[in-house]
Structure formats: structure tokens, C-alpha cells
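**Student:** Let me see the structure of the following:
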Amino acid sequence: MSRLPFDPIDEAARQWGQRWQGVPAMHAVTSLMRVQQLVLAELDGLLRPHGLTFARYEALVLLVFSSRGSLPLGKMGERLQVHPTSVTSIVRRLEADGLVERLPHPEDGRAVLAEITAAGRALVERATADLVAADFALGALDEEQLGRLSALLAPVRRAAGDF
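**Tutor:** Numbering: from 1, shown residues only. Modelled structure (predicted):
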């Protein structure tokens, strides 16, 4: 992909300002969404050699973080903040790859557990090493900037009910 000789978000903001209010918020949200696209593409590229997408990687990490290495699919959806259908799809793909097992919930006959396998744990370790080595695609920022970015985004997440 060739680089543009100008910042298209700056140009969009200029034109936006000729028509509407809210230029700073429009510029910020457009920048945020573009960075999200760029970072996700980079993360998916780093994970592709492991047979993962970032969504599947997040699901595996969630299971690693759980005390028993397993969670009900509904709980996974809540914690990953994705639709139940998406969780089912993610878990089915991980199961097909031998990274998780789907088991009946021992106390709730209606629920299904996803349990990470030894192969899943080993893959998380390898994939995480690659993500860390690549600074999670945020290598353009130093530690102080990363902290400021997280702090800047926290009020937006809080106001949306994220936590």
C-alpha cells in the first residue's frame, strides 16, 4: 500500500469543519478507528503463522487466565464482550485445531464449557512471545505514551459501562 502525500484524516476534518461542528471529536474517533484497523491487521499478521486470529488468541488467553483453564461459553462471551454466536464460532475453530475441548458443564446441563488443552497452552506461550517481541504493534509509542494512551481511553470505556 502506497503512502498518501497528506493525512486523509486531517483532510476529512478540514472538509467536515466546512459543513458541521464537532471537528475535534470527529478527528479523534476517525484516528482511533484507523489505528484500530492498523493494529488489528498487524496483530492478525503476527498470529497467522500460529493459525490464530487475535479473536481466537484472546479466547485462549482468557482460558489460560481462568483458575481451572475452563469457562462456560456464556461467561467467555461476557468477558470477551462478543456475541454468543461469535464465541461459539471461535471455540469451534479452536476445538477443531485441538486447542480447546468443549465439555458439558458439571453443574448446569444447559451450559457448555470450553477447556484449554496442553497444545492450546503451548501455543499461547509461543504466540505471546511474538506479540511481546513486536510490542503488540504499538512500537511507535514509548512506555510513557502507552500509559497516557491507556489513561486517555479509560474514561471513554468507563462511560460506556465497560467497567
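**Student:** per-domain residue ranges of this protein.
**Tutor:** 1-37, 51-136 (automatic domain parsing).
**Student:** Select, out of the ones you listed, the one closest to residue 163.
**Tutor:** In this view, those are compared for proximity to residue 163 by CB to CB, and domain 51-136 is the closest at 10.7 Å. Quick note: C-beta positions are derived from backbone N, CA and C, even for glycine.
**Student:** Look up how far residue 114 lies from the residue of the chain most remote from its centre.
**Tutor:** Among the C-alpha atoms of the chain, the one most distant from their mean position (CA atoms, centre = their mean) is that of residue 18, at 35.2 Å. Shown here: residue 18 relative to residue 114, a distance of 51 Å by CB to CB, to the nearest Å.
**Student:** swap in residue 132?
**Tutor:** For residue 132, the distance to residue 114 - CB to CB - is 24 Å.
**Student:** Between these two, point out the one with more neighbours.
**Tutor:** Shown here are residue 132 and residue 114; by other CB atoms under 10 Å, residue 114 has more neighbours (29 against 9).
**Student:** The more buried one: what's it in contact with?
**Tutor:** Residues in contact with residue 114 (CB atoms under 8 Å, 6 or more residues apart in numbering) are 59, 63, 70-73, 76, 91, 94-95, 100-103.
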